[in-house]
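S.K.: One predicted model, sequence on top.
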Amino acid sequence: MHRLLWFFLLIPFYTNAQFYTIGTARPMDGGCIMLTPDQPYAEGIAYSTSYLDLNYNFEIEFDIYLGEKNDYGADGIVFVIHDDPRQFDAFGTYGECLGYGRWSPEAVYSAHISPSIAVEFDTYQNNLQNDPESDHVAFLTNGVSRHENYWNGENPAYDLEDGHLHTFMFKWSITDKSISVFLDNILVYQGGHDLINDIFEGSNQVIWGFTASTGRKYNLQYFCLKRLAYLKEGQENTTKSE
């Protein structure tokens with residue numbers, strides 16, 4: 001939405017030993033995690049306490065909720081996978097950067113999460129980030145919020161702040177080093193990435209979770225983990241679920 005000109009006090013705690021949370025993030029009924037309440041200038045982060053292993057193919061599926069206010073709602077959430085040196089205390093710039101990135105690619109000293117990959121669900125237009133007028137999905141890397149490409153179904157009125165849950169699935173294939181992102185069963189991003197070598201400098205154990213923020217405009221925003229399934233390369237009938 002806009003750059004915030006003060007620092008937030010981020011207080012971490014554990015939610016039933018499954019997610020480590022910072023700021024306004026809190027457990028909800030049904031195993032969901034609230035990232036931001038329906039209040040201005042909120043910021044929330046939740047990281048799973050179990051690392052992802054990039055040596056395995058995996059799928060992660062969530063329900064996500066972006067609120068019910070469109071014109072008066074903001075700012076969105078980000079699914080992030082990272083190996084930032086701050087580990088479970090990693091955070092980025094709030095407001096238009098949704099707690100993940102930095103407000104400008106050149107602002108290397110502003111708060112951002114890196115090394116990382118991320119999928120943003122952005123619900124407010126910010127010109128510095130090359131946002132369209134509509135809500136949209138974008139793939140991000142290394143704490144840079146500005147994106148040249150995005151998905152909104154080619155719909156200038158695309159709306160994620162519709163008061164409904166949306167199904168989000170993230171798939172990683174070590175077999176062909178590819179990422180696939182689905183929203184409401186629609187493929188919204190697909191790309192080839194050698195995550196271990198090109199992003200995480202040889203590390204296969206990485207942290208994953210969500211960041212989110214609000215500004216002058218705001219919405220209730222939360223996620224619910226539905227399924228995490230691993231499939232070892234070459235073992236098509238062997239899965240591990242959490």
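M.R.: Nice, thanks for sending it over. All values derive from a computational prediction rather than experimental measurement.
S.K.: can we go C-alpha only for contacts and neighbour counts from here?
M.R.: Noted.
S.K.: So, low pLDDT: which residues of the chain?
M.R.: Residues of the chain meeting the criterion pLDDT under 70: 1-17, 232-242.
S.K.: Next, the contact list for P132, please.
M.R.: With contacts taken as Cα atoms under 8 Å, 6 or more residues apart in numbering, P132 has the following neighbours: 125, 156.
S.K.: how close does the most centrally placed residue in the chain sit to S104?
M.R.: What sits nearest the mean C-alpha location of the chain, by Cα atoms, centre = their mean, is F79, with 1.7 Å. Plainly put, F79 is 20 Å away from S104 if you go by Cα to Cα, to the nearest Å.
S.K.: Could you pull up phi and psi at the residue nearest to the centre of the chain?
M.R.: Per-residue torsions, F79: phi -90, psi 130 (degrees, to the nearest 10).
S.K.: can I assume it is in contact with G209?
M.R.: Yes. Under the criterion of Cα atoms under 8 Å, F79 lies in contact with G209, with a separation of 5.8 Å.
S.K.: Would you agree I196 falls within a strand?
M.R.: No. Judged by DSSP: H, G, I helix; E, B strand; the rest coil, I196 forms no part of a strand; its state is helix.
S.K.: What about it, how many residues nearby?
M.R.: 18 (other Cα atoms under 10 Å).
S.K.: Pull the number of nearby residues for T21.
M.R.: 29.
S.K.: Not counting sequence-adjacent ones, nearest residue to it?
M.R.: Take T21 and drop its neighbours on the chain: the residue closest to it by Cα to Cα, 6 or more residues apart in numbering is A46, 4.3 Å away.
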